[in-house]
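**Student:** Sequence first, then the predicted structure, then my questions.
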Amino acid sequence: MGIITKIKQFCFVTLRIKKYEILSDCSRVTGKPIKYHPLLLKGKGIISFGKNVQIGVVSSPYFYSHYTYLEAREEFSEICIGDNVTINNAFSVECSLKVVIENNVLIGAGCSIIDNDGHDLAIAKRNIGNPKTAEVHICQNVFLGSNVTILKGVTIGKNAVIGNSSVVTSDIPENVIAAGNPAKVIRNL
């Protein structure tokens, strides 16, 4: 790859990162992640980053086409990301209550975490009700494969591995590999 091409790519990515910084409206952010990929921070809540948090992976899908989305929706909502966490491209968190990602977690491309139902499930309350919420907790050294979805109320135990495209609807113990829809333990580590 020529030097001109590398300069163009650098400028393109830098401008995209700046654009999403301008579009971000969450004012209660602490810590400074290392950004290789655009990051949009939304909501009235708290978003905190530990040391050495990496957003985006250059040599991975969705690098040029997507962005990372973190929303701490309400004033009491909180997203806590620990130290040495690597977040691949096109990751999203929609947080109404609390989402905790501990130290040394690896998150694959296209993953999402949602700590709420989005809308009340009762038809009459779907547009006006309060959806159910429950905290999500990802313990240290967890590895999430690409396109994993984690739903409300889930705790993933330390050192666990979640297989690609899994939907995690209930707790996963530590030191296991889990996969599927819904994700089930398939073996111990």
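**Tutor:** Sure thing, it's come through.
**Student:** same question for stretch 149-165, mean pLDDT?
**Tutor:** In this model, stretch 149-165 has a mean pLDDT of 98.
**Student:** quick one: buried residues of that stretch?
**Tutor:** By neighbour count on 16 or more other C-beta atoms under 10 Å, the buried set for stretch 149-165 is 149-163, 165. (Each C-beta comes from the backbone N, C-alpha and C, glycine too.)
**Student:** what's the span of it, first residue to last?
**Tutor:** End-to-end distance for stretch 149-165, by C-alpha to C-alpha, to the nearest Å: 7 Å.
**Student:** quick check, distance from it to the centre of its chain.
**Tutor:** Relative to the centre of its chain, stretch 149-165 is centred 12 Å away, using C-alpha atoms, centre = their mean, to the nearest Å.
**Student:** Same check on stretch 108-119?
**Tutor:** When C-alpha coordinates are averaged (C-alpha atoms, centre = their mean), stretch 108-119 and its chain have centres 8 Å apart.
**Student:** got the end-to-end distance for that stretch?
**Tutor:** For stretch 108-119, the end-to-end distance is 27 Å (C-alpha to C-alpha).
**Student:** same thing with stretch 37-55?
**Tutor:** End to end - C-alpha to C-alpha - stretch 37-55 spans 6 Å.
**Student:** That one: which residues count as buried?
**Tutor:** Neighbour counts using 16+ other C-beta under 10 Å place 37-43, 45-50, 53-55 of stretch 37-55 among the buried residues.
**Student:** Return the member of the residues you listed nearest to Val85.
**Tutor:** Val53 (4.9 Å; C-beta to C-beta).
**Student:** partner residues bridging His137?
**Tutor:** Taking DSSP bridges, one obtains Val100, Thr155 as the residues bridged to His137.
**Student:** show me where pLDDT drops low in the chain?
**Tutor:** 1 (pLDDT under 70).
**Student:** just to revisit the earlier point, between the buried residues of stretch 37-55, which sits nearest Asp83?
**Tutor:** Among these, Gly50 lies closest to Asp83 (C-beta to C-beta), at 3.8 Å.
**Student:** That closest one touches Gly82, doesn't it?
**Tutor:** Yes - with contact defined as C-beta atoms under 8 Å, Gly50 reaches Gly82; the gap is 4.4 Å.
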